[in-house]
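> sequence? don't have it. structure:
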């Protein structure tokens, strides 16, 4: 198979069955009746809109346009990462933003400049999907770390113990993925390339790049967040 066939819209409706089951159980156990419905609807609308936007962006050769999309990704991911933190404020948002920007940015530069050696570096069809994977992963990791960290502080744990719990909780999914890849799961990029007809041996190289990129982003982003929070506590200026 050299080209992927488009999925008929009506065929996607079948996936609503498990989603509705999960939404019902979530509403009963967690008490938030519309959270999954809202998130699912928002996901579909966002993806449809971004499909149109990317169709335009990919035809452009403008570094400023690519950078604008990346900046938007970083800002939105930082705001979403605050979602599970009860006492969120501008100081925490600032630290999350810096952590995602630097932790993800370092990995993006390495991949674009050294691994793939893109020319031009701002080629939208490459840098935007890579940025999406990197900054979304940074968002998820720092969100898990921060939520656990502040939960530990609420039960009167000291900073070091709370940091340990937060960092460990954030890295568990990352390490599980590394242990399972190839044996339990074939990750997204590798699966997509195989389905489109690329040799599995070539797809493996790209997937190794992605796995290292994701692990590096998760670790650096979380480390930076805790480093910024520690400085804040030392200076007694946690606002």
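Here it is on my side, so go on. Everything numeric in this text was worked out from a predicted model, so none of it was measured. Numbers count the residues shown, from 1 in each chain.

> where does the protein have its least confident helix or strand?
Here the helix or strand of the chain ranked lowest by mean pLDDT, DSSP states H and E is helix 188-195, holding a mean of 68.

> ok, and what's touching stretch 139-146?
For stretch 139-146, the surrounding residues in contact (C-beta atoms under 8 Å, 6 or more residues apart in numbering) are 77-78, 80-85, 92, 96, 99-100, 166-167, 169-171, 173-174, 217-218, 221-222, 225-226. Every C-beta, even on glycine, is put in place using the N, C-alpha and C of the backbone.

> Go ahead and build a ChimeraX selection from the buried members of those.
Buried members of the contacts of stretch 139-146, defined by 16 or more other C-beta atoms under 10 Å, are picked up in ChimeraX with:
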select :77,78,81,82,85,92,96,99,100,166,167,169,170,171,174,217,218,221,222,225,226
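
> after the least confident helix or strand of the chain, next one along is what?
The C-terminal neighbour of helix 188-195 among helices and strands, as given by DSSP states H and E, is helix 200-234.

> helices or strands next to that following helix in the packing?
Helices and strands touching helix 200-234, by 3 or more C-beta pairs under 8 Å, 6 or more residues apart in numbering; DSSP states H and E, are helix 90-109, helix 124-154, helix 159-180, helix 188-195.

> Adding distance to residue 39 as columns, could you present those helices in JSON lines?
Shown next, in JSON lines, are those (distance: least, C-beta to C-beta, whole Å):
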{"stretch": "helix 90-109", "distance to residue 39": "20"}
{"stretch": "helix 124-154", "distance to residue 39": "14"}
{"stretch": "helix 159-180", "distance to residue 39": "19"}
{"stretch": "helix 188-195", "distance to residue 39": "19"}
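
> For residue 13, see how far away the residue nearest the centre of the chain is.
Among the residues of the chain, the one closest to the centroid is residue 136, at 1.8 Å (C-alpha atoms, centre = their mean). Taking C-beta to C-beta, to the nearest Å as the measure, residue 136 falls 26 Å from residue 13.

> still on that earlier bit, ok now do the residue nearest to the centre of the chain, which residues does it touch?
73, 77.

> so which strand or helix has residue 77?
Secondary structure from DSSP H and E places residue 77 in helix 63-81.

> Could you list every helix and strand that that helix packs against?
In terms of contacts (3+ C-beta pairs under 8 Å, 6+ apart), helix 63-81 is packed against helix 35-57, helix 90-109, helix 124-154.

> Please work out the average pLDDT along it.
Throughout helix 63-81, pLDDT has a mean value of 92.

> contacts for it?
Contacts of helix 63-81 (C-beta under 8 Å, 6+ apart): 57, 93, 96-97, 100-101, 104, 120-124, 127-128, 131-132, 135-136, 138-140, 142-143, 146.

> and the residues you listed, which are buried?
57, 93, 96-97, 100-101, 104, 122-124, 127-128, 131, 135-136, 138-140, 142-143, 146.

> Residue 47 versus residue 217, what's the distance?
Taking C-beta to C-beta, one finds residue 217 at 22 Å from residue 47.

> same check, this time on residue 167
When residue 167 is compared with residue 47 (using C-beta to C-beta), they lie 32 Å apart.

> what does residue 15 give?
Applying C-beta to C-beta, the value for residue 15 to residue 47 is 13 Å.

> And for residue 206?
22 Å.
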